[in-house]
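**Student:** sequence isn't available, so here's the structure alone:
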């Protein structure tokens, strides 16, 4: 009797699974994407052997040749249908993720210089593929030749846009800006995003406007870094900072979000590096307040840690009490959490430990440990832009910190991580 019950339960479970393969596939894909997988294919029901073989062969051949995920799936479904038009195998494959994703192609697999795109849509598709290729190559997997090839590919598309009169298209200009940002050229990225904004066709998105404000701020900061920036560089930086502030304020008035509050926090932080004494403390207070609002929007560790870091430096400059009090429990909880679902989640661990080291005046004694934690986060998943944002933040903290030893330790940590900014 007991064996029959067990067998019945097993049979029922198998039947339930068979009937719900599509739901199981959707659930599995969702979790994989949450973990950082860019594209997932799952069969939602039983498939025809011959058609399945055609689907797999075509799909992998297309992906390995550099086609996008969406295009590879399209051609694979067509091949499956031609093999077995009487069977529904061609429609069984559920596809989730980024349709524009493509596998990284090494220089040896790409042949010389790419042809100019013939249409605007082809240019946008190739820009999407280029950004996906650059951002999906892990640390140590790329090379100087790969980076140079990506630059060459981008310049070919750029030249086509100029020659064919597509530079008045806001969407295409935004994609060109995103391409140069992915390759680490802030000057060109800002230039193309500005052209997207000036196009006047309404094709630049609010996210694109946010990106422009952030890039202007970061470019301004890079222009005045160093011992003696020229008068012209200081003037250009001042203009960029003013433009960034106007944009960030406008976006915040339109609809305050965590991202926009964080952009405002970053702006005030970088502005504080150009000020001294009470003015610096005031700018730091404004930066910390903006990051606190960002945390209140979405409770992200990045925003809370930045709030604590900048408020602590403000306190050391101007005196007074720490304002972390109401958020102390949240801070302690986030210090102990570990999450690798995204870059900003994975970098929260070293950010948290850096924050604690700042509070305890232990950046110097914990420098090697902190460098190792950041290296682990960079190696697991990161783009050049993400690494640059994180590493540049260390230099900002070094410029702001009033204690010479802690400032020197932050600069040394920044230097330790510089190799991760080499393209």
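**Tutor:** Thanks, I have the structure now. This structure is a prediction, so every number in the text was calculated from the model and none was measured. Numbers count the residues shown, from 1 in each chain.

**Student:** other SSEs contacting the helix or strand containing residue 132?
**Tutor:** Under the assignment given by DSSP states H and E, the secondary-structure element containing residue 132 is helix 120-136. Helices and strands touching helix 120-136, by 3 or more CB pairs under 8 Å, 6 or more residues apart in numbering; DSSP states H and E, are helix 144-163, helix 170-182. From N, CA and C alone the C-beta is placed, and that goes for glycine too.

**Student:** check what contacts that helix and list those residues.
**Tutor:** Contacts of helix 120-136 from elsewhere in the structure, counted by CB atoms under 8 Å, 6 or more residues apart in numbering, are 38, 66, 68, 98, 100-105, 114, 117, 150, 153-154, 157, 160-161, 164, 166, 169, 171-172, 175-176, 178-179, 182-183, 383-384.

**Student:** recalculate using a threshold of 7 Å.
**Tutor:** Contacts to helix 120-136, defined as CB atoms under 7 Å, 6 or more residues apart in numbering, come from residues 38, 68, 100-102, 104-105, 117, 150, 153-154, 157, 160-161, 166, 169, 171-172, 175-176, 178-179, 182-183, 383.

**Student:** give the buried residues for that helix.
**Tutor:** 120, 123-136 (16 or more other CB atoms under 10 Å).

**Student:** so, low pLDDT: which residues of the protein?
**Tutor:** 1-22, 105-114, 135-146, 227, 381, 422-423 (pLDDT under 70).

**Student:** list the contacts of the longest helix that it contains.
**Tutor:** Of all the segments assigned as helix in the chain under DSSP state H, the longest by residue count is helix 231-254. By CB under 7 Å, 6+ apart, the list of residues contacting helix 231-254 from outside reads 209-210, 212-213, 216-217, 219-220, 223-224, 260, 263-264, 267, 271.

**Student:** out of those residues, who's nearest residue 395?
**Tutor:** Distance to residue 395, by CB to CB, is smallest for residue 224 among these, at 11.8 Å.

**Student:** which other helices and strands does the helix or strand where residue 415 lies contact?
**Tutor:** Using DSSP H and E, the element containing residue 415 is helix 404-417. In terms of contact count using 3 or more CB pairs under 7 Å, 6 or more residues apart in numbering; DSSP states H and E, helix 404-417 is assigned the packing partners helix 367-380, helix 384-400.

**Student:** just the buried positions in that helix, please.
**Tutor:** Within helix 404-417, the residues that qualify as buried are 406, 407, 409, 410, 411, 413, 414, 416, 417, counting by 16+ other CB under 10 Å.

**Student:** could you give the number of residues near the residue lying closest to residue 73 once chain neighbours are set aside?
**Tutor:** Setting aside the residues directly before and after it, residue 73 is nearest to residue 95 in space (CB to CB, 6 or more residues apart in numbering), at 4.9 Å. When counting by other CB atoms under 10 Å, one arrives at 18 neighbours for residue 95.

**Student:** just residue 83 next, same as before
**Tutor:** 19.

**Student:** residue 56 versus that one, what's the distance?
**Tutor:** Applying CB to CB, to the nearest Å, the value for residue 83 to residue 56 is 11 Å.
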